[in-house]
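> everything below, folded, please.
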Amino acid sequence: MTKQKELFCTKLIENKFNATQAAKDAGYSPKSAKSKASQLLMEKEVQVYLSSLQAEIKENYDINVSELINEFKAIKNTDITDIFDIVDNQIVLKKGIKKLSSLPKSITLSIKSLKNTPNGIAIEMYPRDNALINLAKIAGLFIEKIEHSGGVEVVGFEIVQPNGSENLHLHP
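Next up is the predicted model:
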């Protein structure tokens, strides 16, 4: 496999499986990136290499489907009112919560970032809708559809006879 195809696979993962952008980033022509990406994704050696990269990522980061599902569920189920309350127009930790480290892991997993600001602490939560979408994809509730526009050139085809007799090969 060429270095450019390997780079395409790496860029595909880096670009969250945006194949057109991966093809551009791997040095393929921007004008033909979409069709080239589609072609590359159909190649067996690209599929095998991509699978090996994904397996390496899973192993290096100790990722498994059950953990992912549990983290998405934690994000989906976290209610900001479990952590904070509004008292005198101020956002405060709920009574009984002395520090964030005392919160259950199911809640802390939902916190994307904490930042000190001039007005206090800014807390960013992971988007709940993304967690729901990812859970739905894992459960097979969403089927992603790839549409193709443009012509298709037929270079040959084979008619297989159901009774096992000779196959007919046609070429233009």
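
> in contact with residue 131, which residues?
By CB atoms under 8 Å, 6 or more residues apart in numbering, residue 131 lies in contact with 72, 73, 75, 76. The C-beta positions use only the backbone N, C-alpha and C, and glycine is treated the same way.

> mind putting the residues you listed into CSV with pLDDT and distance to residue 20?
CSV is the format used below for the contacts of residue 131 (pLDDT from 0 to 100; distance: CB to CB, whole Å):
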residue, pLDDT, distance to residue 20
72, 81, 27
73, 83, 32
75, 82, 29
76, 83, 30
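
> among these, the buried ones, what's the ChimeraX command?
Buried members of the contacts of residue 131, defined by 16 or more other CB atoms under 10 Å, are picked up in ChimeraX with:
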select :72,75,76
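
> wait, a helix at residue 66?
Yes: secondary structure of residue 66 (DSSP: H, G, I helix; E, B strand; the rest coil): part of a helix.

> so which residues of the chain form strands?
84-87, 90-93, 111-117, 120-125, 157-159, 168-170 (DSSP state E).

> in this structure, where is pLDDT below threshold?
Counting by pLDDT under 70, the ranges of the chain that qualify are 63, 138-172.

> let's go with 50 and repeat that
Low-confidence segments of the chain, defined by pLDDT under 50, are located at 167-172.

> okay, now the domains of it?
1-62, 65-131 (automatic domain parsing).

> ranking these by burial, who's on top?
Highest mean neighbour count among those (mean count of other CB atoms under 10 Å): domain 1-62, with a mean of 15.

> centre of the chain to that one, how far?
The chain centroid and the centroid of domain 1-62 are separated by 14 Å under CA atoms, centre = their mean, to the nearest Å.

> same question for stretch 103-115.
Worked out by CA atoms, centre = their mean, stretch 103-115 lies 21 Å from the chain centre.

> go on, stretch 96-110?
27 Å.

> can you check stretch 67-85 too?
With CA atoms, centre = their mean, you get 20 Å for stretch 67-85.

> contacts for that stretch?
91-95, 97, 103, 105-107, 109-110, 125-128, 130-132, 134-135, 138.

> again, but for stretch 31-40
So stretch 31-40 is contacted by 5, 8, 19-24, 28-29, 46, 148, 150 (CB under 8 Å, 6+ apart).

> closest to residue 117 among those residues?
residue 21 (33.3 Å; CB to CB).

> chain neighbours aside, what residue packs nearest to the closest one?
residue 15 (4.6 Å; CB to CB, 6 or more residues apart in numbering).
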